[in-house]
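Peer 1: Please work out how this folds:
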Amino acid sequence: MKSEVSRRDLLKLSFAAIGFAALPGGFLFAAPRDWKHEGKPNLVFGVLSDTHLRTMHGSSGRPGRNWPHKYFAAALEYFKKQNVDAVVHCGDFAHRGQVEEMRFHADVWRNVFGGEGPVKLFVTGNHDVSGAEYGDFVKGNYPDPEERAKHVLATDMAANWERIWGEKYESVWHKEVKGYHFIGQNYAATDEDAIAYLKKCGAGFALDRGDRPFFFMRHVRPHANVRKKGLAPLRNAVAFFGHNHWSVTNWNMAGLYYGRLPLIECASCEPRGCATLAGDGYISKAKIEGREAENVGKGRQGYVVRVYDDMLTIERREFGEGGSLGADWVMPFGKEPHPFSKEELKKIIGEPQFSKSGKLRVESVKLESGEEAVKISIPLADGNPGSRVYAYEVVVIGEEGSGKLFKAVYAAGCNMGIGHEPNGGVTTLEIPTSELPPGEALTVAVRPLTSLGTSGRPIAATLYRTADVLSVDAVAEKRGELS
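Peer 2: This next block holds a predicted model:
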């Protein structure tokens, strides 16, 4: 049976009828216009974490076999093009904690930068320190304890680090780059070590001065006592950490402690990619589906940070297929409330929109189980380039009083660079007909969401069911006329 929905019919639908809460209007650009900076930055540095290169002892014995270094190399090449002054690595270089794996990183570094290159701002992670103990991989390749010790970084981390990187290894360290201070805490260092060092540097370098930030790096999120006793008293700290492999397409990765201290999560740049999405519980009324990498994209991610007199910007980048991960995060200094507070981020993330040519397609399909289902194909919501879509909420409405079914799905390729979404960015969702609300005429409405829950205008289609058989042959739009 053919289904046609007129624009007049669509105008009868409302947000309340669909079950979507109306949201106040948002900016159509990434950040307030007066936050943009056109001048030359004082400092530029790249940020990576969790590259996890590992050696495979196959017939070739070649380091990195099956775990290619190309993503790490691609990140360094991009940093080189951006003329970075330094590179931060928040740890987990060596997947199995082996000397060869760390040396593999150094070889790639020298292949890209040649001699000295940018300043190295590196901290170790749990895999660098303890990776050789995870499973029997290293023990199986080196059953003799004395021989194995030669291949394990942690046997003598200080000596191995200095030999590989040409720098002294310290549990906590300080470096100054172009007048900006960086403090790093290696994985084996205690919180007490870090707190004492932060206090020492705070006094020695006046880190609480009001005119510029300083930067703190470690592998895992700084523990509460480090945040409270070490960082919070030095009011201008910006902390970077990794470990979790959470995608930075998610704006929740720019967090705050005590409403003021920025804690910036760093994504993974390892060969397997970071498909881990987090902090989505309050975005939709429904559990978000489609988390597997085939849908969201694997993503090998990192940052380029640019520091100016009055602000810093964080460019989010994908290093697998390339491309921007969305609008820069912009932090003007001295602003209240803090620009990285969720309330302020919600104001600037904007509202993703379907383009005028976007069409919602709904069709009947059979699942592998043989069950009848509805397949909903959602066009990429790219009508507002400054606000990238992260997920879609779908609601199916039955006849009056018969109820609503809520579903949600991650946007296809939301973990990849813009323009690299699979299948042109079309996202699909299959719903068994047994889950649909009753009624002969069902309305399917879809709205685009950001990772902070702001939403754009929905589009919709109507389905007709006869004798429990769903028939769909026409697609309808629903746009800004909705009130």
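
Peer 1: Tell me where this structure has helices.
Peer 2: 7-11, 15-18, 70-81, 99-113, 126-130, 137-141, 145-151, 157-165, 191-205, 224-225, 293-296, 342-349 (DSSP state H).

Peer 1: Could you chop the chain up by domain?
Peer 2: Domain assignment of the chain by automatic domain parsing yields the ranges 7-26+352-471, 33-349.

Peer 1: Just the mean pLDDT for the first one, thanks.
Peer 2: If I follow you right, that is domain 7-26+352-471. Domain 7-26+352-471 shows a mean pLDDT of 82.

Peer 1: go on, the last one?
Peer 2: Model confidence over domain 33-349, given as mean pLDDT, is 90.

Peer 1: From here on, call the first residue 282.
Peer 2: Okay, using 282 as the starting number, the last item reads as domain 314-630.

Peer 1: any idea how far that domain is from the chain center?
Peer 2: 13 Å (Cα atoms, centre = their mean, to the nearest Å).

Peer 1: end-to-end on stretch 701-720?
Peer 2: Using Cα to Cα, to the nearest Å, one end of stretch 701-720 lies 39 Å from the other.

Peer 1: List the buried residues for it?
Peer 2: Under the neighbour-count criterion of 16 or more other Cβ atoms under 10 Å, stretch 701-720 has 701-702, 706, 708, 710, 712, 714, 717-718, 720 buried. All C-beta atoms are positioned from the backbone trio N, CA, C, and that covers glycine.

Peer 1: now the strands for the stretch 582-731 of the chain?
Peer 2: Remark: strands assigned in the stretch 582-731 of the chain by DSSP state E, counting those that start in this stretch are 582-588, 592-599, 610-613, 642-647, 653-659, 672-678, 685-691, 708-713, 722-730.

Peer 1: Identify the residues contacting the closest residue to residue 335 other than its chain neighbours.
Peer 2: Leaving out its chain neighbours, the residue that sits closest to residue 335 by Cβ to Cβ, 6 or more residues apart in numbering is residue 376, at 3.5 Å. With contact set as Cβ atoms under 8 Å, 6 or more residues apart in numbering, residue 376 has these partners: 333-335, 348, 382, 408, 412, 551.

Peer 1: most surrounded residue in the residues you listed?
Peer 2: residue 334 (28 neighbours; other Cβ atoms under 10 Å).

Peer 1: close enough to count as contact, that residue and residue 348?
Peer 2: Yes: applying Cβ atoms under 8 Å as the test, residue 334 and residue 348 come out as touching, 5.9 Å apart.

Peer 1: shared neighbours of the two, which are they?
Peer 2: Both residue 334 and residue 348 are in contact with 376, 551-552, where contact means Cβ under 8 Å, 6+ apart.

Peer 1: would you list these in JSON lines and tack on distance to residue 528?
Peer 2: Listed next are the shared contacts of residue 334 and residue 348 as JSON lines, based on distance: Cβ to Cβ, whole Å:
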{"residue": "376", "distance to residue 528": "20"}
{"residue": "551", "distance to residue 528": "13"}
{"residue": "552", "distance to residue 528": "16"}
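
Peer 1: nearest to residue 366, of those residues?
Peer 2: Closest approach to residue 366 among those (Cβ to Cβ): residue 551, at 24.9 Å.

Peer 1: Relative to residue 375, how far out is that closest one?
Peer 2: Going from residue 551 to residue 375 by Cβ to Cβ, to the nearest Å gives 11 Å.

Peer 1: what is in contact with those two at once?
Peer 2: 333-334.

Peer 1: related to what we said a few turns ago, with distance to residue 737 as new columns, can the buried residues of stretch 701-720 be given to me in a markdown table?
Peer 2: Converted to a markdown table, these look like this (distance: Cβ to Cβ, whole Å):
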| residue | distance to residue 737 |
| --- | --- |
| 701 | 21 |
| 702 | 17 |
| 706 | 14 |
| 708 | 14 |
| 710 | 17 |
| 712 | 22 |
| 714 | 28 |
| 717 | 25 |
| 718 | 24 |
| 720 | 27 |
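
Peer 1: so, if you compare those, which one comes nearest to residue 633?
Peer 2: Among those, and counting by Cβ to Cβ, the member closest to residue 633 is residue 706, at 11.4 Å.

Peer 1: pretty sure the closest one contacts residue 693?
Peer 2: Yes: taking contacts as Cβ under 8 Å, residue 706 lies within contact range of residue 693: 5.9 Å.

Peer 1: Give the residues shared as contacts by those two.
Peer 2: Contacts common to residue 706 and residue 693, judged by Cβ under 8 Å, 6+ apart, are residue 661.

Peer 1: Let me see the contact set for the residue positioned nearest the centre of the chain.
Peer 2: What sits nearest the mean C-alpha location of the chain, by Cα atoms, centre = their mean, is residue 529, with 1.6 Å. Residue 529 makes contacts with 546-548, 582, 584, 597, 606, as judged by Cβ under 8 Å, 6+ apart.

Peer 1: of all the strands of the stretch 582-731 of the chain, which lies closest to residue 318?
Peer 2: Closest approach to residue 318 among those (Cβ to Cβ): strand 592-599, 5.9 Å.

Peer 1: what comes into contact with the closest one?
Peer 2: Here strand 592-599 has contacts from 316, 318, 356, 359, 494, 519, 529-530, 535, 545, 580-587, 604-607, 609-614, 696-698, 701, using Cβ under 8 Å, 6+ apart.

Peer 1: ok, 6 Å please
Peer 2: Under the contact criterion Cβ atoms under 6 Å, 6 or more residues apart in numbering, strand 592-599 has outside partners 318, 529, 580, 582-587, 606, 609-614, 697-698.

Peer 1: Same check on stretch 707-717?
Peer 2: Residues contacting stretch 707-717 (Cβ under 6 Å, 6+ apart): 652-659, 677, 690, 692-693, 751.

Peer 1: Next: stretch 387-395.
Peer 2: 350, 353-354, 357-358, 361, 445.

Peer 1: repeat that with 7 Å
Peer 2: By Cβ atoms under 7 Å, 6 or more residues apart in numbering, the residues outside stretch 387-395 that reach it are 350, 353-354, 357-358, 361, 398, 445-446.

Peer 1: Most neighbours out of those, which is it?
Peer 2: residue 353 (27 neighbours).

Peer 1: Quick check: that one touching residue 331?
Peer 2: No: counting by Cβ atoms under 7 Å, residue 353 does not reach residue 331; the two are 10.6 Å apart.

Peer 1: joint contacts of those two?
Peer 2: Common neighbours of residue 353 and residue 331 (Cβ under 7 Å, 6+ apart) are residue 550.
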